[in-house]
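A.B. asks: Sharing a model prediction with you, sequence too.
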Amino acid sequence: MNSAMDAIVCINMEGQVTVWTIQAETIFGWKADQVMGKSLTDTIIPENYREAHQKGFKRYLETGEGRVLSRLLDLTAMKINGQEFPIEMSIVPVHRKENSFFCAFIRDITHRKKAEQDLRDSEIKIRHILSSSADDFYVIDHQLKVTLINQSAQRNMKEIWNREVNEGTYIMDIFPEHRKAFIRENYERVFKGERVEYEFTVDIHGLPHWRRVTYSPVRDATGQITGAFISTTDITEKKKAEESILKTNARFQILSKATSDMVWDLNLEDESLWWNDNYYHLLGYKKYKELVRLDDWFNNIHPDEKERVYRTFMSTIEGKESSWRDEYQYRKADGSYLNVLDRGYIMRNEHGKAFRMIGSMVDMTPIYQVQKKIIESENRLRTILDTNPECIKLMDRDCHLLDINRAGLEMVEADRYEDIMGHSLLQVVALPYREKAAELVRRAGEGAGEIVSVLGVTIDITERKNAESELARNEIKYRTLVEQAADAILLFENGGQLVDVNSGAISLLGYTKEELLTMKMQEMLTMEENRFNPFQLELMTKGSSSVRQWQMRKKDGSLVTTEVRSQQLPDGRYLSVIRDLSERIKAEQELQHYYNQLKELNIYLQNVREDERTGIAREIHDELGQQLTVLKMDISWLSKKLDTDRPEIREKLDGLLEMVDNTVKSVRRISSELRPSLLDDLGLPAAIEWHAQEFMKRTGLVIETSIEQQEVTLPGKLAITLFRVFQESLTNVARHANASLIHVTLKLENHRLLMEVLDNGQGFFIGDIERKKTLGILGMKERIAIIKGEYDIQSSPGKGTRVKVSIPLQDM
C-alpha cells in the first residue's frame, strides 16, 4: 500500500483511522502515529464538510446506503497546519468475515487545479487580446465557417460588407458576388498549406482605405491543417507615410549635401577646444587628439585679421552678450585660406562670467560674392526645421497654425504653407483624439508670463506601432511553428534542465510536458550513452554546434534511435532538435539486405556465364572442330581421287580447302575467346602471353609482358576473373587511350598476386570516370570484389593510365 502513488486512508465502522500510508503523511503532514484511532473530522475534514460526513456515515450504518461511495469526488481537505487544498477522492466499503471498514483513495490535485485555472486565465487573456487588437482577424474551418473572430473584425466587416459576422457564420455569405471566386481560391490555397497575402482598397464613407489581408494555415499537434487564420490590417496611414517618406528623403538628400559646418565646443575655463570631423575633413588637418588648445585656432587666422578677430572675441566674452559672430580668413593644412563665418553661443554662470561656448564655422568661400548675411539669417532656421523628419509647428493658444516645417506639410498633406496658414490644426486630428490634443496645447499655455505661441513636435509612430504588432504576431507564429514541427524541440539550461518543449517532444518520448520540464537531458539517455557518448555542453559553449546519434529511453522504457542537433542560443541557453531515425535505419538495413542479395546474384550470374562459355567453347572445339577436320580430309581425298584436268574443278576444290582452313581458324579463335584452352591447360601466365600476342596481331599495338613464373596453381574461377579483367583492360586501351605501347606485369608478392596494365596513352581525369559510372570499369571492380581482391585505376591527362589488381592467396 505504501508504494501506491495515491494516499490510502482506512477507517473502521466507528469512524476511527486504521490505515494511514506514507503518501497520506506526505499529502496531509500528519504522521501515522498521530492519527491512528482518531476521527477524520478531527484531522483532515474541513469544518464545512464535517456535518455532511457525520450524517452520511450515520446513514450508511443505519441503511447500508452511501451517496458518495464508489464515486470520484472533487473536494477540499485540510493539512496539519489547517491549510485547505483540493483533492480527488473515491471511497470503497470493504466487508470481511471478521470486520468491515472503509478505504479512501486520495490524490492531491493542487497542481491540476492550478493548471485548469491557468488555462481559464489564458483563455480570458486570449479573448481580451482578440477584443483589444486593432487588427481584424478570424479563424475558419474546412466548411468555411467562422470558429473565432475578434470584435474589430466584426465591426469592420459590418462597416465594409454590411454583414453581421459571428462564430458559426458561413464566411462566403458576407462577400459580394464579384469577389467570391477570388476569396474561395485563396481559402483553397491556404488549406493546401500555402500562405497567402495581398492588399486591396475599399471605400469607407466615400474615402479610399488600404487593407492588407494575410491567410495562414492552422495546424493541430499532428501537423494536419484544421483551419485558416485570416488577419486584416488597415495600412492606409502606412501607405500615406510611405509616400511622405519618399518625398522627405528626396529633399533630405539635397539638403544634407549643403551641410558642411565645422562645429566646435570651447571650455573657457581651461581653454580646451573640440572640433567635429568636418573641421578636419574640410581643412585637411589630421586629428591626433580629441581636444586642442584655443591658441591653435587663433594661430590659423589670417595674420591681417588675427588681431581684430581676437579683440572682438575677447571683448564679447568679457561683456554680457550671449553670442559671438565674425567673418575672417582661416588657414587650411595646405597653406591656402578659406573665407569663413564663425558663430558661437556663450554660456555664463550666475555671475555673468562666460565658462563655455558652442559654435560652428561655416565655409563661405563658394558663396562669398552673394549677400551672405541675408541668406544666412533668413534660411538657417528654415533649413534646420525642414531637414528634420518630424513635424515641427508653431501655434497660438487656440491651435491656429503660425508656422510649420516641410515634414509637417507632408503629414497634413498640404502642398503649400499658405494653404493652411491660420487654420486650426485640430481639423487634421482624428475626432476621438481632438479634445485630448486641444487640452495638451492649453496645458502648455498655463506657464508663467505671457504665452504668445506654442511649439509642437509631432512624431509619426505608425511604423513603431506596426513593428510592435508585427512582433506580437511573430511571437505567435514562432510558437505555432515550434508546436507544429514534426521534430522534437527541447530548450534547456546550462545544467541540462529542460525549460520548454514542443508537442513533438511529448509525442516522441511519451512524457507529458509537466514531466519533461522536471527532467534533464541526461535523464532521457541510456546508461551506455551517458557513459560512452555523453552530452557535452562545453563544445557548444565554445561556439560549435553538436550533432549526435543517441539511443533515448521513452517513458514506457522502450528505446528510440535519434539524431540530436544542438547549439547554444545568444541568451546562454541551449536548443536541441531531435529527429526519430527509426524509419531511416530500417530503410538502410533493408537497402543493405537488397544490396547483399544483388551481390550474391551477380556472383551467381558470373559463374553461370563462365560455365556457359566453357561449355560452348568445348562443344565448338570438340564437335565442330572434329567435323571440320573430317570435312577437310574428305575434300582432300576427293581432290586426289578425282581424275580430271579441268582447271575450274581443281580451283573449286582448292577454294573449299582454303575455306575449311579459315573456318577452323575462326572456330579456334571463337573458342579461345569464350574460354582460352591455355588457361585450363597451362595456367594464367601462358593465357596472358597468348592473348597479348593475339591482341598485337589484331590492333598493331606493342605489348611488353613481364610475367614471373610461379609454382602457384590458381583456382579456375580466380584465374578466369583475372583473365577477363586483363581482356577488358586491353579493350579499353584500344578504344579510348590512343596509346602505342602497353606494359603488362604479373607477379607474386607478399602472398598476393599482382597484375598491372600500364599504357602510354592520353589519360583522363579520374573524377570524370567516377561521375559517368562507366560500366566496364564498374564490372571489373565487381569481378575483383567477388574474389576479395583490390582494383585500382590511376590516370591523368597526357600521362597514360595504370590499372592495378591485387588478389590475396592466403585462402587458396
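C.D. replies: Cool, the structure landed.

A.B. asks: all strands for the stretch 151-300 of the chain, in order.
C.D. replies: Per DSSP state E, counting those that start in this stretch, the stretch 151-300 of the chain carries strands over the ranges 196-204, 207-219, 225-234, 262-267, 272-275, 291-293.

A.B. asks: next one: the stretch 401-550 of the chain
C.D. replies: Under DSSP E, counting those that start in this stretch, the stretch 401-550 of the chain gives strands at 401-404, 454-458, 488-492, 498-501, 546-553.

A.B. asks: hey, C-alpha coordinates of the second one in PDB?
C.D. replies: What follows is strand 454-458, C-alpha atoms only, in PDB (Å, rounded to 0.1, in the frame of the first residue of the first chain):
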ATOM      1  CA  VAL A 454       3.200  77.100 -28.600                       C
ATOM      2  CA  LEU A 455       5.800  75.000 -30.300                       C
ATOM      3  CA  GLY A 456       4.700  71.400 -31.000                       C
ATOM      4  CA  VAL A 457       6.500  68.400 -32.300                       C
ATOM      5  CA  THR A 458       4.500  65.500 -33.900                       C
END
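
A.B. asks: Indicate each strand paired with that strand and its parallel or antiparallel sense.
C.D. replies: Paired neighbours of strand 454-458 in the sheet (DSSP bridges): strand 391-395 (antiparallel).

A.B. asks: can you give me the offset of the partner strand from its chain's centre?
C.D. replies: 48 Å (CA atoms, centre = their mean, to the nearest Å).

A.B. asks: now that strand: mean pLDDT?
C.D. replies: On average, the pLDDT along strand 391-395 is 74.

A.B. asks: where do the strands sit along the stretch 601-750 of the chain?
C.D. replies: 702-707, 741-749.

A.B. asks: Just the buried positions in the longest one, please.
C.D. replies: Yep, that's strand 741-749 we're talking about. 742-744, 746 (16 or more other CB atoms under 10 Å). Backbone N, C-alpha and C define where each C-beta goes, glycine included.

A.B. asks: Quickly list what the nearest residue to R195 once chain neighbours are set aside is bridged to.
C.D. replies: Once flanking residues are discounted, R195 sits nearest to S216: 5.4 Å by CB to CB, 6 or more residues apart in numbering. Following DSSP bridges, S216 is listed with bridge partners F229.

A.B. asks: from here on, count from 32
C.D. replies: Renumbered: residue one is now 32, and that last one reads S247.

A.B. asks: Could you check how far S247 is from R504?
C.D. replies: Applying CB to CB, to the nearest Å, the value for S247 to R504 is 10 Å.

A.B. asks: out of these two, which sits in the more crowded spot?
C.D. replies: More crowded of S247 and R504, by other CB atoms under 10 Å: S247, with 21 against 17.

A.B. asks: Surely the more buried one touches F260?
C.D. replies: Yes: under the criterion of CB atoms under 8 Å, S247 makes contact with F260 at 4.6 Å.

A.B. asks: Just give the closest residue to L314, not the sequence neighbours.
C.D. replies: L314 sits nearest to K363 (CB to CB, 6+ apart), 4.8 Å away.

A.B. asks: Tell me how many other residues surround that neighbour.
C.D. replies: 14.

A.B. asks: what separates it from W721, distance-wise?
C.D. replies: Distance from K363 to W721, by CB to CB: 97 Å.

A.B. asks: again with F523
C.D. replies: For F523, the distance to W721 equals 73 Å [CB to CB].

A.B. asks: Which one of these two is surrounded by more residues?
C.D. replies: F523 (22 against 16).

A.B. asks: Spell out which residues sit in contact with the closest residue to the more buried one other than its chain neighbours, please.
C.D. replies: Nearest in space to F523, with sequence neighbours left out and distances taken as CB to CB, 6+ apart, is L529 at 4.9 Å. L529 makes contact with 521-523, 547-552 under the criterion CB atoms under 8 Å, 6 or more residues apart in numbering.

A.B. asks: farthest-separated two in the residues you listed?
C.D. replies: The largest separation in the contacts of L529, counting by CB to CB, is between L522 and T549 at 14.5 Å.

A.B. asks: More neighbours: which of those two?
C.D. replies: More crowded of L522 and T549, by other CB under 10 Å: L522, with 16 against 11.

A.B. asks: quick one: contacts for the more buried one?
C.D. replies: By CB under 8 Å, 6+ apart, the neighbours of L522 are 529-532, 604-606.

A.B. asks: Equivalent analysis for V532, please.
C.D. replies: Counted by CB under 8 Å, 6+ apart, V532 has contacts 519-522, 544, 547-548.

A.B. asks: same check, this time on S353
C.D. replies: Contacts of S353 (CB under 8 Å, 6+ apart): 376-377, 379.

A.B. asks: Of these - the most surrounded one?
C.D. replies: Highest neighbour count within the contacts of S353, by other CB under 10 Å: I377, with 20 neighbours.

A.B. asks: That residue belongs to a strand?
C.D. replies: Yes: checked against DSSP: H, G, I helix; E, B strand; the rest coil, I377 lies within a strand.

A.B. asks: For it, give me its contacts.
C.D. replies: 347-348, 352-355, 385, 387-388.

A.B. asks: Tell me which of the strands of the stretch 432-581 of the chain sits most buried.
C.D. replies: Mean neighbour count (mean count of other CB atoms under 10 Å) peaks for strand 519-523 among the strands of the stretch 432-581 of the chain, with a mean of 21.

A.B. asks: Please name the strands paired to that strand in the sheet, noting orientation.
C.D. replies: Here, using DSSP bridges, strand 519-523 pairs with strand 529-532 (antiparallel), strand 605-611 (antiparallel).

A.B. asks: Make a ChimeraX selection of the buried ones in the contacts of I377.
C.D. replies: Buried residues among the contacts of I377 (16+ other CB under 10 Å), as a ChimeraX selection:
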select :347,348,355,385,388
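
A.B. asks: tell me which of the contacts of I377 is nearest to E45?
C.D. replies: After measuring those against E45 - CB to CB - the closest member comes out as R387, at 94.7 Å.

A.B. asks: Please list the outside residues in contact with the helix or strand hosting the closest one.
C.D. replies: Per DSSP states H and E, R387 falls inside strand 385-394. With CB under 8 Å, 6+ apart as the test, strand 385-394 has contacts from 291-300, 310, 313, 348-349, 355, 361, 369-380, 407.

A.B. asks: Now tabulate the contacts of L522 in CSV and tack on distance to M36.
C.D. replies: Listed next are the contacts of L522 as CSV, based on distance: CB to CB, whole Å:
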residue, distance to M36
L529, 22
V530, 26
D531, 26
V532, 23
R604, 32
Y605, 32
L606, 33
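
A.B. asks: okay if I get the residues you listed as CSV plus pLDDT and distance to V591?
C.D. replies: Output for the contacts of L522, formatted as CSV (pLDDT from 0 to 100; distance: CB to CB, whole Å):
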residue, pLDDT, distance to V591
L529, 89, 17
V530, 87, 22
D531, 89, 21
V532, 88, 16
R604, 87, 24
Y605, 85, 21
L606, 85, 20
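
A.B. asks: my read: I122 touches V99, true?
C.D. replies: Yes: applying CB under 8 Å, one finds I122 in contact with V99, separated by 5.9 Å.

A.B. asks: okay, those two: which has more neighbours?
C.D. replies: It is I122, of I122 and V99, that has more neighbours when counted by other CB under 10 Å, with 20 against 16.

A.B. asks: ok, residues contacting stretch 820-833?
C.D. replies: 756, 764, 768, 770, 787-797, 800, 808, 811-812, 815-816, 834-839.

A.B. asks: can you do 7 Å?
C.D. replies: Stretch 820-833 is contacted from outside by 768, 770, 787, 789-797, 808, 811-812, 815, 834-838, using CB atoms under 7 Å, 6 or more residues apart in numbering.

A.B. asks: repeat for stretch 252-260
C.D. replies: Taking CB under 7 Å, 6+ apart as the rule, stretch 252-260 contacts 168, 170-172, 178, 218, 221-222, 224, 246-251, 515, 517, 534.

A.B. asks: redo that, cut-off 6 Å
C.D. replies: 170-172, 221-222, 246-251, 515, 534 (CB atoms under 6 Å, 6 or more residues apart in numbering).
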